[in-house]
Structures are given as C-alpha cells and as structure tokens.
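A.B. asks: Got a sequence here, can you build the structure:
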Amino acid sequence: EEDLKKFYDRTKDSLKEPLKLKIEYLAYPYDRFSAAAQVSDKEIEEYYQANQSGKFRKPKEIKVRYISLRGKPDADAKQIETLRARAEAIVKEARAGKDFAQLDKRGSDDTSAAKGGDLGWLTQGQLPPQLAPIFELEKGKVSDVIDSPMGFQIVKIEDTKAENTPTLKEATAEIAATLKTDKAKREAGKIAELDREKALSGKDFNTLAKESGAVVSVTNWLANGEVAPEIGQNQEFYKSAFSLGGKEISPIISGTSGYYLLRVKDRKEPAVPPLENVQPRIEKGLRESKAYELVLQKGNSLLDQLKKEKEISKVAADNHLKLEETGWFQRTAPQLPKIGDLADLRAGGGLTLSTLKPIPDKLYTQRDAAFLLAFKDSQPADMEQFEKEKDNLKKQALAESRQRALIKFLESLKAKAKIKINNAFLEAS
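C.D. replies: As a prediction, this is how the structure comes out:
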C-alpha cells in the first residue's frame, strides 16, 4: 500500500487529465431548408448560360494503360540504351497484338503493373507534359517509347470520350439541385445569425431550437484534439469551443452539412485523478517498474561477470540464458537487427564496440528491456561500392553543409535584427 502511494505521488504529472468540455450546440442542417427553396426556370437558364463553357463543359477523356521502365539513378549510357531497347521490344509486341495488360504485368516497374497498368479515365490536365501527346492517339493505339525523368513509358489508349457539353435540358436537374442547396445554405445562415443575436440577449438554446427549427444537442466530454462522432473532423468547431469563456456564444461555424452555433455546457478543469480512480493503472505501472528494476539489477550483474570472464558465451551458459547474434549492420545504425531501436545508440552516435574494446561499459536499454552486448566480428568497408557512390555521397555532404551554413546565417541575422517603431506613421494612421 505504501509503495503504491509513493509510485502514485511520483507519477502524478503523467496522470493529469486535460481540460474537458461538454459542448452544447444548435445545428442548422442545409437539407432542412432545401425543401422550401423554390427555383425558377429563369434562374436555371441564367445559371446554365453563366457556367456553360466552364462548369458544364466536359473535356476529352482517355482510358489508359501504361508500362513504365525505370533505370537506376546512377545508370550509365550503356544501361540506358539497354533499357530503351527493352522498351522498343515491348512496343513492337504490343503493336503486333500481344495483350497489353499481360505485357504490363510481365515487364512494368510501376506499382500499377498488378492491375495491368490500368490508370482509368484521364483528362489532359491530369497528365505530365511529356505524356500530353498521347491525347492525339486513337482508340486501341500504342504510343512510341516516351522519355521521362522516371525512365521510359509506353501507353495504350483503351477507349476515348469526346469533349461534350450537356444541353440545358440535360443539365436542368443538376442545376436545380445546386441552386436549391445554395438557397438552403443562405436561409440556414440567416436563421443561425438571428438565433445568435437572440442567444447573446439571453435566450437559451432549447427555446431557440423550438422557435427556429434548429436541432439542439450536447456532445460527450471532449479533450482538446478529440472528435465528436456526430460532428466529425471540423477543426473550426473545436477550436472555437475551446476558446470560449463561461457564457460566451460562438460565431456561426460552417460545416459540410450545416451551420453550428455553440456554447460551453460544462467543463472539467485539468486535474490529477484520486488514487482510487486510477488504482489498477498505478498497480500495473508499479509492477512494471519493479520488474524493470530487477532486469537492470540482473543485467548489471551479468555485465560485471562479463568484464571478469571476457567471454559472453560462458556468461550465457553459466546463467542458462540463450545467446543470440544480431547479424551484420553498419556501425552508425540507430537500430540493430533482431533488437530494434536503442536510445543509447542515437545519443552516442552508434555502437562503439570493436576488436580493441569488445566489452561495453554499460547495458543497452529499451523502454522495457535491457541488452548485454559484446563484439564478435567486423567487415571492412566495401571500397568498390564506395567508389560507385562516392560522387553521390559528396553531393549529399555538400548539400547538408550548405543547409547548415544557411541555417547558421539566418540565425545570425535574427540575432542582429532590431525593431524600430515609426511613431510618425502610427500617429498618422
């Protein structure tokens, strides 16, 4: 019991619950006001004429499959030509009648290969400039090999849809629905503004809901960052709610399906819950803490033995422990195979064990585990691979150096900056 109380006192800060609110709100769903909205034939025709060449014009579409052959970033001229020859061979097969989807699955380097390179219907604005000419191809045609920054592309036009503008009659239903929605939004907004004025004068939300037809609701308790399922991801709603004082009324909040007016119904200030409310959690934390202390004690005891014995296999055998190997990894790696992330490695710049220093000075730890490591073997650097990557490494190092210099320069400018107030300008304004 005493240990439990001490652990509770020690971890109070992590137990503190954030500010929580219950939000009362009036909802003004757009669809409640759309039924009463009337749209005339004249309004429909005027809307059609104003939007005929923009909103209602449907551009040409093409249904596309494509094959992408990607070379390595450091590919030489010979490798690029080999890749081009492979692309030319695919074009020849496709034009000879071979199934393009099967060619795609067999030869494409793109993730779309799994579905035969099918990109679906596309308009010209959705394509990169180098693929724009394919819009001139007829249905069923296969393009020439297309050069791009990603390599070589081959395209087949599966189908086409000509540019089209629907007639006024064809567009009437869509226009009527759009105009009704617009009118409903305006009407909902007007009523919400009137209700806000009444709320500021002291009327409660329940009375306003009965008078205006709005829907009054209250959320469950919400902390900042949590979402009410009935509201969804409306950041303006939550931001406004958590900025309100005790009796303040929010401005009108816009949502995807309606407007909202809100106030804080109830609030719970940040507080540490009493021990009895979190006892199971504290008991679990205490058990884990004690278990970890025992792990560290055992680990440090094994480390002392290793420093004396010098052989980790003997330490493992003496203590009936399983000895494992990581496999090869780079010295500066922040993660080790079979072990994972170790904070000590990130902080210390990598593992420092070597032939000269095979035994560590300390245990390596994770959140709930400890590892006793010992050096086994190393491999020399692959100089052939280094020579291949040397230029890229130089460029990367130069870019990083320039970035550090730029940050340092900007920081020095900020440090030297002075703010001068122009009183004459302020007085004139």
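A.B. asks: in the stretch 251-400 of the chain, which ranges drop under the pLDDT threshold?
C.D. replies: In the predicted model, the stretch 251-400 of the chain carries pLDDT under 70 at residues 334, 346-350, 382-390, 392-393, 396-397, 399-400.
A.B. asks: Strands of that one, residue ranges please.
C.D. replies: Under the criterion DSSP state E, counting those that start in this stretch, the stretch 251-400 of the chain carries strands at the ranges 253-254, 258-268, 335-336, 340-341, 364-365, 370-371.
A.B. asks: got JSON lines for those, with mean neighbour count and distance to Gly285 too?
C.D. replies: The way it works is simple: take the backbone N, C-alpha and C, and place the C-beta from them, glycine included. Converted to JSON lines, the strands of the stretch 251-400 of the chain look like this (neighbours: other Cβ atoms under 10 Å; distance: least, Cβ to Cβ, whole Å):
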{"stretch": "strand 253-254", "mean neighbour count": "18", "distance to Gly285": "40"}
{"stretch": "strand 258-268", "mean neighbour count": "19", "distance to Gly285": "23"}
{"stretch": "strand 335-336", "mean neighbour count": "14", "distance to Gly285": "27"}
{"stretch": "strand 340-341", "mean neighbour count": "11", "distance to Gly285": "22"}
{"stretch": "strand 364-365", "mean neighbour count": "18", "distance to Gly285": "18"}
{"stretch": "strand 370-371", "mean neighbour count": "18", "distance to Gly285": "18"}
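A.B. asks: can you redo those strands as CSV with distance to Lys322?
C.D. replies: Formatted as CSV, the strands of the stretch 251-400 of the chain follow (distance: least, Cβ to Cβ, whole Å):
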stretch, distance to Lys322
strand 253-254, 60
strand 258-268, 50
strand 335-336, 17
strand 340-341, 17
strand 364-365, 17
strand 370-371, 13
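A.B. asks: Nearest to Ser212 among those would be which one?
C.D. replies: With Cβ to Cβ as the measure, strand 258-268 is the member of the strands of the stretch 251-400 of the chain nearest Ser212 (10.2 Å).
A.B. asks: Identify the residues contacting the closest residue in space to Met150 that isn't next to it in sequence.
C.D. replies: In space, and not counting its chain neighbours, Met150 is closest to Arg70: 5.6 Å by Cβ to Cβ, 6 or more residues apart in numbering. With contacts defined as Cβ atoms under 8 Å, 6 or more residues apart in numbering, the neighbours of Arg70 are Asp109, Asp110, Met150, Gly151.
A.B. asks: For the helix or strand encompassing Tyr66, what does the pLDDT average out to?
C.D. replies: When elements are assigned from DSSP states H and E, Tyr66 belongs to strand 61-69. With pLDDT averaged residue by residue, strand 61-69 scores 89.
A.B. asks: same for it, what does it pack against?
C.D. replies: For strand 61-69, the contact count by 3 or more Cβ pairs under 8 Å, 6 or more residues apart in numbering; DSSP states H and E identifies helix 77-95, helix 100-107, strand 118-122, strand 151-161 as packing neighbours.
A.B. asks: Indicate which one of these is closest to Leu353.
C.D. replies: Using Cβ to Cβ, the nearest of those to Leu353 is helix 77-95, at 39.6 Å.
A.B. asks: could you check the angle helix 100-107 makes with that closest one?
C.D. replies: Our comparison of helix 77-95 with helix 100-107, counting by axes from the mean of the first three to the mean of the last three Cα atoms, to 10 degrees, yields an angle of 150 degrees.
A.B. asks: May I see the buried residues of helix 77-95?
C.D. replies: Neighbour counts over helix 77-95 (16 or more other Cβ atoms under 10 Å) mark Leu83, Arg84, Ala87, Ile90, Val91, Glu93, Ala94 as buried.
A.B. asks: can you tell me how far the first one sits from Arg263?
C.D. replies: Translated: Leu83. Look at Leu83 and Arg263: by Cβ to Cβ, to the nearest Å, they are 65 Å apart.
A.B. asks: Filter the contacts of Arg70 down to the buried ones.
C.D. replies: Burial by neighbour count, judged by 16+ other Cβ under 10 Å, picks out Asp110, Gly151 from those.
A.B. asks: okay, the contacts of Arg70 in a markdown table with distance to Val278 and pLDDT next?
C.D. replies: Putting the contacts of Arg70 into a markdown table (distance: Cβ to Cβ, whole Å; pLDDT from 0 to 100) gives the following:
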| residue | distance to Val278 | pLDDT |
| --- | --- | --- |
| Asp109 | 54 | 85 |
| Asp110 | 52 | 82 |
| Met150 | 55 | 76 |
| Gly151 | 58 | 83 |
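A.B. asks: From the contacts of Arg70, pick the one nearest Leu122.
C.D. replies: Leu122 lies nearest to Asp110 out of the contacts of Arg70, by Cβ to Cβ, at 15.0 Å.
A.B. asks: My understanding was that the closest one contacts Gly117; is that so?
C.D. replies: Yes: counting by Cβ atoms under 8 Å, Asp110 sits close enough to Gly117 to count as a contact (7.0 Å).
A.B. asks: Return every residue with contacts to both of these two.
C.D. replies: Between them, Asp110 and Gly117 share the neighbouring residues Tyr66, Ile67, with contact defined by Cβ under 8 Å, 6+ apart.
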